[in-house]
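A.B. asks: here's a sequence, model it:
(chains A, B, C and D)
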There are 4 protein chains.
Amino acid sequence: MPAPPAPESPEALALRVRNSFDRQGMMRTLRASLEHIERGKVIVRVPFDVAFTQQDGFFHAGITSTLADTAGGYAGYTMFAPDASVLTVEFKVNLLRPATGPYLEAVGQVVKSGRTLTITQAEVFAHDRKRMLVALCQQTLIQVRPGQAA
Amino acid sequence: MPAPPAPESPEALALRVRNSFDRQGMMRTLRASLEHIERGKVIVRVPFDVAFTQQDGFFHAGITSTLADTAGGYAGYTMFAPDASVLTVEFKVNLLRPATGPYLEAVGQVVKSGRTLTITQAEVFAHDRKRMLVALCQQTLIQVRPGQAA
Amino acid sequence: MPAPPAPESPEALALRVRNSFDRQGMMRTLRASLEHIERGKVIVRVPFDVAFTQQDGFFHAGITSTLADTAGGYAGYTMFAPDASVLTVEFKVNLLRPATGPYLEAVGQVVKSGRTLTITQAEVFAHDRKRMLVALCQQTLIQVRPGQAA
Amino acid sequence: MPAPPAPESPEALALRVRNSFDRQGMMRTLRASLEHIERGKVIVRVPFDVAFTQQDGFFHAGITSTLADTAGGYAGYTMFAPDASVLTVEFKVNLLRPATGPYLEAVGQVVKSGRTLTITQAEVFAHDRKRMLVALCQQTLIQVRPGQAA
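C.D. replies: Numbering: from 1, shown residues only, chains lettered A, B, ... in the order given. Next comes the predicted model:
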């Protein structure tokens, strides 16, 4: 079993996460921003746009889910070896109430980090007058090392 | 218990689904198209665009999931009363392999349609040389009648 | 919309939960016990028994899941009208590590309680030397009122 | 990457599955039987017993889920290397209707088999007058080789 990766500095960690995030065309399309990065926890935000709505003008469930998947995925990624990449194996999201207001924010946190699989949880909040939990997500990630098939 | 809704004509059904679909800003953003509509089954397609990618250039898991949620959601909606609307309660998606190729197609089908809750399943296919299953989704929907709180 | 149910006394609530729990043949089979009951939170325990194992002598994933489902289900039930019954719509459980030790304990808590649907979360702990999180569950419940079809 | 395991004879495969199944104390407790074993598909049955009920006399959701997990798990196991063992990473089950009748039968099938992870689906049927789908399950398994940590 390889030695665990040497701990990165917070700056190196944040840089590694931002480098990956910035390569996601989807995050640009959503004008998503990384609001917080620490080992085991990442926060991502998406502004409201009519381009992100479902038929009644709320945030589309797909946006809420994409945001949950992304926050959970990068939370897991903070625990990975610096040369590893991350793939979502699966996630499950409960949509608790219609989401509206100026922006959505997803807080992703690691529940268990393993050598191969990492389990995360993400909460998504809307901000229509007050901060409201609109979705709860449970996710499995796989760490893929260079030269390794998933 | 109210009588079940009188069966709609295929044309009326397709029109009802398209009217709802066309009001989703998110579907325009994804340039998504309705490829098939029948009672209990809906197919939705999204073309590849770098705007929909994750960090390695594949379709973002959020796109795949949004597409699965949408195909399942409209499959359920085909069974609803004409004046009802549809909300996703929850969904769970397994991402089977990285998705690439010119377009993704999601096939949503109703597993069980109830008065309140409807359960669907969606398969998402990529088309990189051949048609490949890239995601499998299981979803719960709620039928909301006018004047009724979810 | 009917008025919300008058708040029960803690004693009446505990009695209502125990009455339902005691009617579950499955809970007797598992020698399960209700360790804690409050509005929105229920704790259930199952002792180790070789009768509850999988092929390597750990608690069977089915036991862990049954316990999570039960703790979440009764947590939701504490918020229901006294004459309502509870059905599980769906649940999703991540099994974080093999579970062993003298007993499993599941802590179920309500995330969102609605008129029709209630969302809960349950954590399952094993006690092999120390308390360890072995499973995490996210669940949807439906409240069924007398004379009402699910 | 190691060569794929040489194909087992149907008899060797059935024996390998039965050997593992017979070591599960839980399966004895449920008086569960293996009804069918082939590469990628396993069927498991549990008879009705008041010891397996919830508060209204139906099969407990935990039994239905345990059965789905077991059928899916052994379906995946049929594709594994003969010296590997199987662990459930996660599963998600929708309970479609209350389950009653003389027995439950779960049909587990492999959706995608990978070197590390395998995805399965299971359908559970009750037999109250006619065969009825009562649950649908989507599951992730991990193949653990000897000497390898999960």
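
A.B. asks: so is the most centrally placed residue in chain A in a helix, a strand, or just coil?
C.D. replies: The residue at the geometric middle of chain A, judged as the C-alpha nearest the mean C-alpha position with CA atoms, centre = their mean, is residue A:71 (1.4 Å). Using DSSP: H, G, I helix; E, B strand; the rest coil, the structure places residue A:71 in helix.

A.B. asks: just grab the bridge partners of the closest residue to it other than its chain neighbours for me.
C.D. replies: Residue nearest to residue A:71 in three dimensions, not counting chain neighbours: residue A:108, with 3.1 Å by CB to CB, 6 or more residues apart in numbering or on different chains. C-beta: built from backbone N, CA, C; applies to glycine. Residues in a beta bridge with residue A:108, per DSSP bridges, are residue A:42, residue A:122.

A.B. asks: residue A:17: how many residues sit nearby?
C.D. replies: Applying the criterion other CB atoms under 10 Å in any protein chain shown, we find 18 residues in the vicinity of residue A:17.

A.B. asks: quick one: average pLDDT of the longest strand seen in chain A?
C.D. replies: When chain A is scanned for its longest strand (criterion: DSSP state E), the result is strand A:130-144. Taken as a whole, strand A:130-144 has a mean pLDDT of 97.

A.B. asks: which residues does the residue nearest to residue A:71 contact?
C.D. replies: Contacts for residue A:108 (CB atoms under 8 Å, 6 or more residues apart in numbering or on different chains) come out as A:41-44, A:68, A:70-76, A:120-122.

A.B. asks: stretch A:46-62 near chain C anywhere?
C.D. replies: No: with CB under 8 Å from any CB of the partner chain as the measure, stretch A:46-62 is seen stopping short of chain C, the closest distance being 14.6 Å.

A.B. asks: pull the residues that contact that stretch.
C.D. replies: Outside of stretch A:46-62, the residues that reach it under the criterion CB under 8 Å, 6+ apart are A:30-32, A:63, A:67, A:93, A:95, A:98-104, A:126, A:134, B:20-21, B:23-26, B:28-29, B:62-63, B:65-67, B:69-70, B:73, B:85, B:88, B:91.

A.B. asks: neighbours of the residue in chain A that chain C sits nearest to, how many?
C.D. replies: Closest approach between chain A and chain C, counting by CB to the nearest CB: residue A:92, at 4.2 Å. Around residue A:92 there are 26 other residues, counting by other CB under 10 Å.

A.B. asks: near chain B, which residues of chain A are found?
C.D. replies: Counting by CB under 8 Å from any CB, the residues of chain A lying close to chain B are A:20-21, A:23-26, A:28-29, A:49-56, A:60-63, A:65-67, A:69-70, A:73, A:85, A:87-95, A:97-98, A:150.

A.B. asks: around residue A:83, how many other residues sit close by?
C.D. replies: 10.

A.B. asks: tell me where chain A has strands.
C.D. replies: Read by DSSP E, chain A holds these strands, from start to end of the chain: A:33-38, A:41-47, A:85-95, A:103-113, A:117-128, A:130-144.

A.B. asks: return the alpha-carbon coordinates of stretch A:25-36 using CSV.
C.D. replies: Only the C-alpha atoms of stretch A:25-36 are listed here, as CSV (Å, rounded to 0.1, in the frame of the first residue of the first chain):
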residue,chain,number,x,y,z
GLY,A,25,-17.1,23.9,-19.1
MET,A,26,-20.3,23.2,-17.2
MET,A,27,-19.2,25.3,-14.2
ARG,A,28,-18.7,28.3,-16.6
THR,A,29,-22.1,27.7,-18.2
LEU,A,30,-23.6,27.9,-14.7
ARG,A,31,-21.4,30.8,-13.7
ALA,A,32,-20.6,28.7,-10.6
SER,A,33,-18.0,29.9,-8.1
LEU,A,34,-16.0,28.1,-5.5
GLU,A,35,-16.8,29.9,-2.2
HIS,A,36,-14.8,27.8,0.2
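
A.B. asks: quick one: contacts of that stretch?
C.D. replies: For stretch A:25-36, contacts defined as CB under 8 Å, 6+ apart pick out A:17-18, A:21, A:42-47, A:49, A:52, A:63, A:66-67, A:70, A:74, A:105, B:29, B:49-54, B:60, B:62-63.

A.B. asks: for that stretch, buried residues please.
C.D. replies: Burial within stretch A:25-36, assessed by neighbour count using 16 or more other CB atoms under 10 Å in any protein chain shown, is assigned to A:25, A:26, A:27, A:29, A:30, A:32, A:34.

A.B. asks: pull out the buried residues from the residues of chain A next to chain B.
C.D. replies: Among these, those scoring as buried are A:20-21, A:24-26, A:29, A:49, A:51-55, A:60-63, A:65-67, A:69-70, A:73, A:85, A:87-95, A:97-98 (criterion: 16+ other CB under 10 Å).

A.B. asks: in its sheet, what does the longest strand of chain A sit against?
C.D. replies: Strand A:130-144 has the following sheet partners, assigned by DSSP bridges: strand A:85-95 (antiparallel), strand A:117-128 (antiparallel).

A.B. asks: can you tell which of those is closest to residue D:138?
C.D. replies: Judged by CB to CB, the one of those that comes nearest to residue D:138 is strand A:85-95, at 8.0 Å.

A.B. asks: tell me the angle of the closest one relative to strand C:103-113?
C.D. replies: Angular relation of strand A:85-95 and strand C:103-113 on a 0 to 180 degree scale: 60 degrees, by axes from the mean of the first three to the mean of the last three CA atoms, to 10 degrees.

A.B. asks: so for strand A:85-95, mean pLDDT?
C.D. replies: For strand A:85-95, the mean per-residue pLDDT is 97.

A.B. asks: same thing with stretch A:8-28?
C.D. replies: Per-residue pLDDT values across stretch A:8-28 average out to 96.

A.B. asks: thought residue A:111 was touching residue A:120?
C.D. replies: Yes: using CB atoms under 8 Å as the test, residue A:111 is close enough to residue A:120 to be in contact (6.0 Å).

A.B. asks: if you count what's nearby, which of those two comes out ahead?
C.D. replies: residue A:120 (31 against 19).

A.B. asks: could you find the closest non-adjacent residue to the more buried one?
C.D. replies: Leaving out its chain neighbours, the residue that sits closest to residue A:120 by CB to CB, 6+ apart is residue A:72, at 3.8 Å.

A.B. asks: burial of the one you found, as a residue count?
C.D. replies: 33.
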